[in-house]
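Peer 1: Structure here, sequence nowhere to be found:
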């Protein structure tokens, strides 16, 4: 599994975006973005959503899961509808992965009808 640090760097490169632009688009302090990119800090749940939205990537992908990179927007709605603040980081990552798998299965089933 990839780290958030690796995925952030990859997304910035693919999007042709500088960290300062990510800070502006996500509303996250540029110093904090720098710490994420160095692996000194791991973003909290709400910041993962902000970063994913700014980079137009899936939160599950950003967390390092084997999920599609492109964000569909569904993941963001999901995190706003559920109070996941009591989950550990590990369980939150599992939840995002499971949710992405359900979306993938649903999409595959809709394509077969």
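Peer 2: Thanks, I have the structure now. Every value quoted in this text rests on a predicted model; they were computed, and no experiment measured them. Residues are numbered from 1 along each chain as shown.

Peer 1: which regions of the chain lie under the pLDDT threshold?
Peer 2: By pLDDT under 70, the weakly predicted segments of the chain are 1, 71-83, 111-113.

Peer 1: Which parts of it are helices?
Peer 2: Here the chain has its helices, by DSSP state H, at 4-15, 19-26, 30-38, 45-55, 59-62, 74-81, 89-111.

Peer 1: so how far is the shortest one off the chain centroid?
Peer 2: Meaning helix 59-62. Distance of helix 59-62 from the chain centroid (C-alpha atoms, centre = their mean, to the nearest Å) equals 3 Å.

Peer 1: what packs against that helix?
Peer 2: With contacts defined as 3 or more C-beta pairs under 8 Å, 6 or more residues apart in numbering; DSSP states H and E, the packing partners of helix 59-62 are helix 4-15, helix 45-55, helix 74-81, helix 89-111. From N, CA and C alone the C-beta is placed, and that goes for glycine too.

Peer 1: Please list the residues outside the second one that contact it.
Peer 2: Counting contacts by C-beta atoms under 8 Å, 6 or more residues apart in numbering, the residues outside helix 45-55 that touch it are 4, 8, 11-12, 15, 17, 22, 25-28, 32, 36, 43, 58-59, 61-63, 71, 75-76, 79-80, 84-85, 92.

Peer 1: Buried residues in that helix, which are they?
Peer 2: For helix 45-55, the buried set under the neighbour-count rule, 16 or more other C-beta atoms under 10 Å, comprises 45, 47-55.

Peer 1: What's the separation between the closest residue to residue 3 other than its chain neighbours and residue 30?
Peer 2: In space, not counting the residues next to it along the chain, residue 3 is nearest to residue 64; the distance is 5.8 Å by C-beta to C-beta, 6 or more residues apart in numbering. Distance, residue 64 to residue 30, using C-beta to C-beta, to the nearest Å: 23 Å.
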